[in-house]
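> mind looking at a prediction? Sequence and model below.
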Amino acid sequence: MPEGDTVFRAAVKLREALEGRELTRCDVRVPRYAAVDLSGQVVDEVLSRGKHLFIRVGQASIHSHLKMDGAWVIGRVRVPAYKIRIVLETVQSRAFGVDLGVLEVLDRATDMDAVAHLGPDLLGPDWSASVAAENLMADPSRPLAETLLDQRVMAGVGNVYANELSFVFGLRPGTAVGEVSDPLRLVNRAQQMLWLNRTRINRTTTGNTRPGQDVWVYGRAGLPCRRCGTRIETDKGGDRVTYWCPTCQR
């Protein structure tokens, strides 16, 4: 599932494949930008900001967001052609944007306006734990998981981390965020989790990278809690599915 660490890795791959190289092909398969052709220009920079990714080419900036199912693929791609939103080629490499939730071509001079609403980036140079903690506690009555997913609080947390952080701090996902006793510790733990997973294909929140041992509660409905053995419960009725241990999370 695409979260901040996923987008960070995608930016690294694109940087290695495209940065400093001239585009020999630019095929944007979005009607509004179908006439855009950046071939002949050099890819100057690839950067991520939370769950957003920017490829800067000349005076343009290709902005994408993976949403739930998107991906950037380098090299060969094995998906139906209708899923491919953009193709970028150089003499040495080829990159495909597949099922991208957002794809637009912006003016490079103002491309950061698209992410101006975001809170501190957990994997970015603007990271500030104090600002993130203040944002987190701005509405004490708001549910914890919902608050963690709000990118205006801090940029990069997705549903996996929202559920896992709730477990680690012993609170159910629907608990009011005002119940967090140490918000600074929570946002620092969030940053540590994403930072340690930024180069891993298979993320872990438990510290154990073995298959089936990598998360505490996410996706483990009906299975025993790793700490106490109680069956993990789930709620699929909201916008995002939640998981929790009824014993370990009050």
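Received the coordinates, thanks. Computed from a predicted structure; not experimentally measured. Numbering: from 1, shown residues only.

> from here on, just use CA atoms for contacts and neighbour counts.
Fine.

> helices along the chain, start to end?
Under the criterion DSSP state H, the chain contains helices at 4-18, 129-136, 144-149, 159-168, 183-197.

> of all those helices, which one is nearest residue 79?
Closest approach to residue 79 among the helices of the chain is made by helix 4-18 (17.8 Å; Cα to Cα).

> buried stuff in the closest one?
Neighbour counts using 16 or more other Cα atoms under 10 Å place 4-15, 17-18 of helix 4-18 among the buried residues.

> how many residues are close by residue 134?
Applying other Cα atoms under 10 Å, we find 14 residues neighbouring residue 134.

> the residue nearest to residue 136 when sequence neighbours are not counted - how many residues pack around it?
Spatial nearest neighbour of residue 136, excluding adjacent residues (Cα to Cα, 6 or more residues apart in numbering): residue 153 at 5.7 Å. Close neighbours of residue 153, defined as other Cα under 10 Å, add up to 24.

> can you pull the contacts of residue 153?
By Cα atoms under 8 Å, 6 or more residues apart in numbering, the contact set of residue 153 is 118-120, 132, 135-136, 147.

> for the residues you listed, which one is nearest residue 201?
In terms of Cα to Cα, no member of these lies closer to residue 201 than residue 120, at 23.6 Å.

> could you count how many residues lie near the closest one?
24.

> check residue 38 too.
Counted with other Cα under 10 Å, the neighbours of residue 38 add up to 20.

> correct me, but it touches residue 23?
Yes. Shown here, residue 38 and residue 23 form a contact pair, counting by Cα atoms under 8 Å, at 6.9 Å.

> what residues are shared contacts of these two?
Joint contacts of residue 38 and residue 23 (Cα under 8 Å, 6+ apart) do not exist.
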